[in-house]
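Novice: Let's see this in three dimensions:
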Amino acid sequence: MASSKRTPTAIEFVEYFRKHPPSTNAKKMLLVHYLSPQKTLTAGSFSKQMGWPPTQRSANLHYGTYAGKVAKQMKYPESSQDVSFLVKFCKPLAGKDKNLWQWIMRKPLATAIKQLGWGTDKRLEDVGSDIGFDPVTQDTKFDGSKRSVAEGRRKLRQHYIRERDPRIIRDAKRLALKKHGELRCEACGFSFAETYGERVSTYIEGHHKISISNMKSGDRTNVRDIALLCSNCHRTIHAKWPYISVDELKRLLRRS
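Specialist: Predicted coordinates:
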């Protein structure tokens, strides 16, 4: 696939992605860009939607690193191995963003994403707000077992996504701390505190047992619907569709 051109054709992109499927985070970057109006956004907007610090440097670092990896694996010259492999830049002549560079997805890449059917892939929305550092404190008097929150409501950003409410994750963590005095993975028993110390003593990830793609607007989530998992177990569940349950993951661990 070696070439002196700066950008592959749509067919080359399709062949590449079929051979090298992007990680969840890489695919999310591509979809955030693809689903933006006119497949165009600013670096700051890109960073905000991805949850990075809202600066141009953040977008250049993450998207640029991935673009460089793609270009290198596709055997394009070193001069092509930066964010411009996937992006064209321009400045609007007027408007509030006239001083901001616009990031336009290259047409062959957009065509490839459409051909691959990724533009309608909603499964990535299941991984997001329920993953991350969300510290809680132990409260023996706390009782949030009766809380339920509305989730699944559509909210307009650049495109429609389905919302998760991080409060239910915090409640699940607080109840686990109250009951056990510590946070352990419900699948493998891993403890961040035992392995890494006080710095992450209240860290664990919250997994929604009910996939958001199976929820309707206004459906409610209870703490019983949340499983507390370590990063490895959580990612293993979300590794491929259809997702496996926590009980199925436990059986896999027992067999290994």
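Novice: All the helices of the stretch 51-200 of the chain, in order from the start?
Specialist: 56-73, 107-116, 166-180, 192-196 (DSSP state H, counting those that start in this stretch).
Novice: So what touches stretch 107-117?
Specialist: Identification of contacts with stretch 107-117 by Cβ atoms under 8 Å, 6 or more residues apart in numbering yields 7-14, 17-18, 30-31, 34, 39, 86, 119. Every residue, glycine included, has its C-beta placed from N, CA and C.
Novice: if we can go back for a sec, any idea which of the helices of the stretch 51-200 of the chain gets closest to Pro92?
Specialist: When the helices of the stretch 51-200 of the chain are compared by Cβ to Cβ, helix 56-73 sits nearest Pro92, at 16.0 Å.
Novice: Show me what counts as buried in that closest one.
Specialist: Ser58, Ala59, Asn60, His62, Tyr63, Gly64, Tyr66, Ala67, Gly68, Val70, Ala71 (16 or more other Cβ atoms under 10 Å).
Novice: repeat for stretch 85-105
Specialist: Phe85, Leu86, Val87, Leu100, Gln102, Trp103, Ile104, Met105.
Novice: One more: stretch 207-224?
Specialist: Quick answer for stretch 207-224 (16+ other Cβ under 10 Å): His207, His208, Ile212, Met215, Thr221, Asn222, Val223.
Novice: looking only at pLDDT, what's the mean for that stretch?
Specialist: Throughout stretch 207-224, pLDDT has a mean value of 83.
Novice: Pull up the distance across it, start to finish.
Specialist: Stretch 207-224 stretches 11 Å from its first residue to its last (Cα to Cα, to the nearest Å).
Novice: Report the distance from it to the chain centre.
Specialist: Here stretch 207-224 is found 18 Å from its chain centre; the criterion is Cα atoms, centre = their mean, to the nearest Å.
Novice: Can you give me the pLDDT of Gly95?
Specialist: 60.
Novice: Next: Ile131.
Specialist: 38.
Novice: Pull the contacting residues for Val223.
Specialist: So Val223 contacts Gly144, Ser145, Arg147, Ile168, Asp171, Ala172, Leu175 (Cβ under 8 Å, 6+ apart).
Novice: In this protein, what residue spans correspond to strands?
Specialist: Using DSSP state E, the strands of the chain run over 40-42, 87-90, 102-105, 148-150, 154-156, 160-162, 205-208, 220-222, 226-229.
Novice: With distance to Ala239 added, can I get these in a markdown table?
Specialist: Output for the strands of the chain, formatted as a markdown table (distance: least, Cβ to Cβ, whole Å):
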| stretch | distance to Ala239 |
| --- | --- |
| strand 40-42 | 28 |
| strand 87-90 | 28 |
| strand 102-105 | 27 |
| strand 148-150 | 27 |
| strand 154-156 | 27 |
| strand 160-162 | 21 |
| strand 205-208 | 13 |
| strand 220-222 | 23 |
| strand 226-229 | 13 |
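Novice: among these, which gets the worst mean confidence?
Specialist: Looking at the strands of the chain, the bottom one is strand 160-162 with a mean of 50.
Novice: what's next to stretch 227-240, contact-wise?
Specialist: 24, 126-127, 131, 172-173, 176, 183-188, 190, 192, 204-207, 209, 243-246, 249, 252.
Novice: The chain - how does it break down into domains?
Specialist: Domain ranges of the chain: 10-120, 123-255, per automatic domain parsing.
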